[in-house]
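**Student:** Provided below are the primary sequence and the corresponding predicted coordinates.
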Amino acid sequence: MLPFKPGLLLGRLIGSALYYLIPKRRKVVEVNSRLCFPEFSEPERQQFVKDVFRNNGIGIIETAWSYWGNKESIKNRTTYLGFEHLEKALEEGRGVIILGAHYSCLDLGIALCSLYGKPLVTMYREHNNPLMEQVIHKGRSTWCEPVERKKLREIVRYLRKNYLVWYGPDQDFGAKKSVFVPFFGHTAATITATTKMARLNKSPMLALQQRRNEDDSGYTVEICPVDGFPSGDEIEDARLVNQAIEAGIRKAPSQYMWVHKRFKTQPDGEQKLYKKAGC
């Protein structure tokens, strides 16, 4: 029910409180920032960490807007870029894999993409808490078809109907079924499922980049090609995926969910990066 700018203000206040209330996650953001943005001075780094929490706080409000708010009014504040690539890809009739990432405005950004007018499926991991699972599934159902990520046959059926299928492979799922390729210049376990999905229906893939405008005027939702994908090699494909996601994050670095331990799994089996910081 909140108007746009008061909603953003409340989100920033929530994020500022979380900065102090969850110190372990704050340390995770600090480790990630040191790894990914070594050029920051210490004052810049501390400001960056605070901005990450504020943006994640806004993300809570944005999620509520995407589930229960007036999305059309937010659409009117949204700039759509690169959607000609989407139109061209859909002409193939094989559906389109939308390469997403866990930005702080995660659900709202995908909802705004769906409001462009193309049928959309989101792949997700079922929540461990049954109540949260019900809330998330019902909320997302207002603007897409949520499908649990293991139901690949169902995903293929949607691709054959020429749907868009959003998929976010930018988290650390462990060494199994992953390869180790760079992400912001550091080795990161990256799943190869993106390549396997593309093979299932020979569907094209495009990257979705989403960000809140710095002047709080609204949002930018952008579709970008992933040049060279698929390459015919799973390791190279994983590198291209990380490269495309990194390009989107760099357009608004503090609007990414840096609270995740993206570099937790390393080739030597150790997890020293976060343990040393007490995360």
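**Tutor:** Sure, I can see it.
**Student:** And the helices in the stretch 151-279 of the chain?
**Tutor:** Assigned by DSSP state H, counting those that start in this stretch, the helices in the stretch 151-279 of the chain fall at 152-160, 193-201, 234-249, 272-275.
**Student:** can you redo the ones you listed as JSON lines with mean pLDDT and distance to Leu21?
**Tutor:** Bear in mind the C-beta positions are built from the backbone N, C-alpha and C, glycine included. Listed next are the helices of the stretch 151-279 of the chain as JSON lines, based on pLDDT from 0 to 100; distance: least, CB to CB, whole Å:
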{"stretch": "helix 152-160", "mean pLDDT": "94", "distance to Leu21": "37"}
{"stretch": "helix 193-201", "mean pLDDT": "89", "distance to Leu21": "34"}
{"stretch": "helix 234-249", "mean pLDDT": "97", "distance to Leu21": "25"}
{"stretch": "helix 272-275", "mean pLDDT": "85", "distance to Leu21": "19"}
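**Student:** deepest of the ones you listed, which one?
**Tutor:** Compared across the helices of the stretch 151-279 of the chain, helix 234-249 shows the largest average neighbour count, a mean of 20 (mean count of other CB atoms under 10 Å).
**Student:** Identify all contacting residues around that one.
**Tutor:** Taking contacts as CB atoms under 8 Å, 6 or more residues apart in numbering, the residues outside helix 234-249 that touch it are 99, 101, 103, 169-170, 179, 181-184, 188, 190-192, 194-195, 207-211, 222, 224, 226-231, 255-256.
**Student:** what do you get if the cut-off is 6 Å, keeping everything else the same?
**Tutor:** 101, 170, 179, 181, 183-184, 190, 192, 194-195, 207, 209, 226, 228-231, 256 (CB atoms under 6 Å, 6 or more residues apart in numbering).
**Student:** Among these, which lie within strands?
**Tutor:** Using DSSP state E, the subset of these located in strands is 179, 181, 183, 190, 207, 209.
**Student:** From those, pick the one nearest Leu115.
**Tutor:** The closest of those to Leu115 turns out to be Gln209 (CB to CB; 16.3 Å).
**Student:** Contacts only, for that closest one.
**Tutor:** In this structure, Gln209 makes contact with 222, 248, judged by CB under 6 Å, 6+ apart.
**Student:** For it, give its distance to Ile98.
**Tutor:** Taking CB to CB, to the nearest Å as the criterion, Gln209 is separated from Ile98 by 11 Å.
**Student:** Now for the chain: which helix has the highest residue count?
**Tutor:** Ranked by number of residues, the top helix in the chain under DSSP state H is helix 42-68.
**Student:** list the helices and strands that one packs on?
**Tutor:** On a contact count with 3 or more CB pairs under 6 Å, 6 or more residues apart in numbering; DSSP states H and E, helix 42-68 meets helix 4-21, helix 23-36, helix 106-114.
**Student:** Point out the one among these that comes closest to Tyr67.
**Tutor:** Comparing those by CB to CB, helix 106-114 comes nearest, at 7.3 Å.
**Student:** I would like the residues contacting stretch 120-132, please.
**Tutor:** 114, 133, 136, 144-149, 158, 163-167.
**Student:** go again using 8 Å as the cut-off
**Tutor:** 98, 110, 113-114, 133, 136, 140, 143-149, 155, 158, 163-168.
**Student:** follow-up on the earlier one: what's the average pLDDT for the longest helix of the chain?
**Tutor:** The average pLDDT for helix 42-68 rounds to 97.
**Student:** Give me the buried positions along that helix.
**Tutor:** 45, 48-59, 61-67 (16 or more other CB atoms under 10 Å).
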